[in-house]
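1. fold the following, please.
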Amino acid sequence: MNKTTLPEGNLLQYEKSPYLLQHAGDPVNWRPWCPGALMEARKEDKPIFLSIGYSTCHWCHVMGKESFRDPEVAAVLNRDFIPVKVDREERPDIDGVYMAACQALTGTGGWPLTLLLTPEQEPFWAGTYLPPRSREGQLGLLELLDEAGRLWHAGRQELLDLGREVTRHISRRREHGEGGRPSAVLLDRAAEELLERFDPVHGGFGGAPKFPVPHTLLFLLVYGQQSGNEAAREAALDTLTRMARGGLFDQVGGGFCRYSTDRAWRVPHFEKMLCDNALLSYAYLEAYAQTGTEYYREVARRTLDYALEELRLPGGGFACAQDADSGGVEGGFYYLTRAGVEEALGAGEAGVFCQRLSIGETASIPQLLDDSGYASFWTEHGAACRRLAGFRRRRGSLHRDDKVLTSWNAMMIAALAKAARVLGEEKYLRAAQSARLFLKTRLTAGDGRLRLRWRDRESAVEGQLDDYAFYCWALVELYETGFSTSCLREAAGLAKQMEALFWDEAGGGFYRTAAEGERLIVRQKDAFDSGTPSGGAAAGLALVRLARLTGGEDFQELADRQLSWLAGEAGRQPEACCAALLAMTEALYPRRELVCASAQGVPAWLAETGERERLAVLAKTPENSRALDRLAPRVAEYPLPASGEMLYLCREGACAPPVGSREELERLLRETREPVLQ
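-> Numbers count the residues shown, from 1 in each chain. Okay, the predicted model is just below:
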């Protein structure tokens, strides 16, 4: 039977994306983004109605129920348009292009993302959520569709011209695209601009809604520590503390929600994303490593343990997210009442518990913003939290988007690797290694090329810059935790592929998509961060770290060129490029190198010392010496001792006389530590 003539459902029923499958039963005759749908628009001379979202998005659910299941809306869409659905997580390239178009047309963006395109895919209208019919001054979808259909048939030249103008606008390159130079001045400017927007009462930057922006906090932490800018560092630490005390953090089950709807972090937007929790746990680990504050350690552990318990899949990969809605109610899973807590814990224990978490008679989001003893809460009430978490699960469940994304899993691998170094807990290293094996066996093709998404035993979509860049960074992090040369070898191979597939030889910088990939109306290059760091910034960070470890001149040259391009882009708005600036701190405040040549294997303390002292560490043993000599040729100069270990501490290739014990190394580190620049 021809798929297009099936009596029930639409073409989305043949897709793997949970988001697309959520709309497979709509009366709208949806097509996935594919050559056939685009050709159909040209053949039938109809505009494309493009809807972009993701499966755990509350407002995507709302628009789906209100509009895309409405027979009247479906009839207009099916008659006058070619309706196309895109999962933004599965096709970030499409989402990136049309989000830029929405921002150009409206000044804002978000999901669900709604656009009208010409048959040549050029956008002439863009917006986000629309009700099915106009209400309270807000344009309705039916009114938009009727007017767009009328204009298309009455005289479409104005729409075509607008589509071409928007396309030209988002494809425009800066005239002075020669790049820049990473400098402390650029970092200082970003910190100053962020501090001007810092909220001294609640932490964070700006007003509501407030996003956690872990890459911004990481930049302020690392830059503040290396430059001596204590105000920048304290702003990051204050924000981390207040976010974790609020409703943004799931005080009962661990893990962070997407963002806060208010300035004080009390009421979140409830979906929990893998990428957010990976990068936030990394930021809390950095805060703990810098300060020794146990509260940051506990937040990091509870965030990672949430991911291991709720998002990890059989085989070791991690699912994308958990839904914002439960039982059709946004946040319904998380709201608690005193009566519910009493049912779970008993009246006696519930009294103290509810008081500390500000849980009242009516439905409340648990938070510790009003509890002065917040730092000891989980120590004192950890068992109660576990019982209450079980109560929540028995009461209801959350939809989980179980597709595996290479880039987001790479972020979690990096966080788990850092956790193993900082916390000294082997379970995090095992989880990182397992996730790496998942990517290697299920999301890496026979030729070494990456795939973007895996679900239901199928990998799909050619890997994009984010996949290569974040995975390369993750492998570097994993090497410096477990010291497996296979991680270093794979990272080096990915870096070379990344250059071959995405580098712009003429203008500098990495494109988001490969040269031979699908051609959209724009081939983007990213330096500016969004909810996650830009792929260009991740590439810069990975290359600087890889060059430092291997000593490879080719990696160093490529890193220098990428940082130059990032500096040129960031010069326009540095506070919007914090991940790029984080990569620049690696060049402006370079790590010292430590080579450990050991006769008995890698010392158990080596990874922790490297993390604490911010070293680029190589471990040479009888088992890996030949492989490591090939990957980092300079280590061939350091012979293996007959017994024990020899430790070579170097700065920019100049090494101190070797020492033979951990104690001697600690003394040498203290004696040679440079003062913080003021």
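
2. for the stretch 551-678 of the chain, which segments count as helices?
-> Under the criterion DSSP state H, counting those that start in this stretch, helices of the stretch 551-678 of the chain are mapped to 553-570, 578-588, 606-612, 625-631, 662-672.

3. Leu488 is nearest to which of those?
-> Leu488 lies closest, by C-beta to C-beta, to one member of the helices of the stretch 551-678 of the chain: helix 625-631, at 5.1 Å. Using the backbone N, CA and C atoms, a C-beta is placed for each residue, glycine as well.

4. picking up where we left off before, go through the helices of the stretch 551-678 of the chain and name the closest to Ser434.
-> That would be helix 606-612 among the helices of the stretch 551-678 of the chain, by C-beta to C-beta, at 18.0 Å.

5. so Thr114 touches Leu50, yeah?
-> Yes. Counting by C-beta atoms under 8 Å, Leu50 is a contact partner of Thr114 at 7.4 Å.

6. please write out the alpha-carbon positions of stretch 34-46 in PDB.
-> This file holds the C-alpha atoms of stretch 34-46, laid out as PDB (Å, rounded to 0.1, in the frame of the first residue of the first chain):
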ATOM      1  CA  CYS A  34      13.000  15.700   3.400                       C
ATOM      2  CA  PRO A  35      13.600  16.200  -0.300                       C
ATOM      3  CA  GLY A  36      10.200  14.900  -1.100                       C
ATOM      4  CA  ALA A  37       8.400  17.400   1.000                       C
ATOM      5  CA  LEU A  38      10.400  20.300  -0.500                       C
ATOM      6  CA  MET A  39       9.900  19.100  -4.000                       C
ATOM      7  CA  GLU A  40       6.100  18.800  -3.300                       C
ATOM      8  CA  ALA A  41       6.000  22.400  -2.300                       C
ATOM      9  CA  ARG A  42       7.600  23.500  -5.600                       C
ATOM     10  CA  LYS A  43       5.500  21.200  -7.700                       C
ATOM     11  CA  GLU A  44       2.200  22.300  -6.100                       C
ATOM     12  CA  ASP A  45       3.300  25.900  -5.700                       C
ATOM     13  CA  LYS A  46       2.400  26.100  -2.000                       C
END
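
7. what sits up against it?
-> With contact meaning C-beta atoms under 8 Å, 6 or more residues apart in numbering, stretch 34-46 is reached by 31, 47-48, 80-82, 84, 117, 119-121, 152.

8. who wins for most neighbours among the residues you listed?
-> When neighbours are taken as other C-beta atoms under 10 Å, the top entry among the contacts of stretch 34-46 is Leu117 (27 neighbours).

9. name the residues linked to that residue by a beta bridge.
-> Ile48, Pro123 (DSSP bridges).

10. cool, Ile82 as well?
-> Ile48.

11. distance of it relative to Gly9?
-> The gap separating Ile82 from Gly9 is 17 Å, by C-beta to C-beta, to the nearest Å.

12. again, but for Gly292
-> Here the criterion is C-beta to C-beta. By it, Gly292 lies 57 Å from Gly9.

13. sorry, back to before: so which of the helices of the stretch 551-678 of the chain comes closest to Lys210?
-> Taking C-beta to C-beta, helix 578-588 is the member of the helices of the stretch 551-678 of the chain nearest to Lys210, at 15.7 Å.
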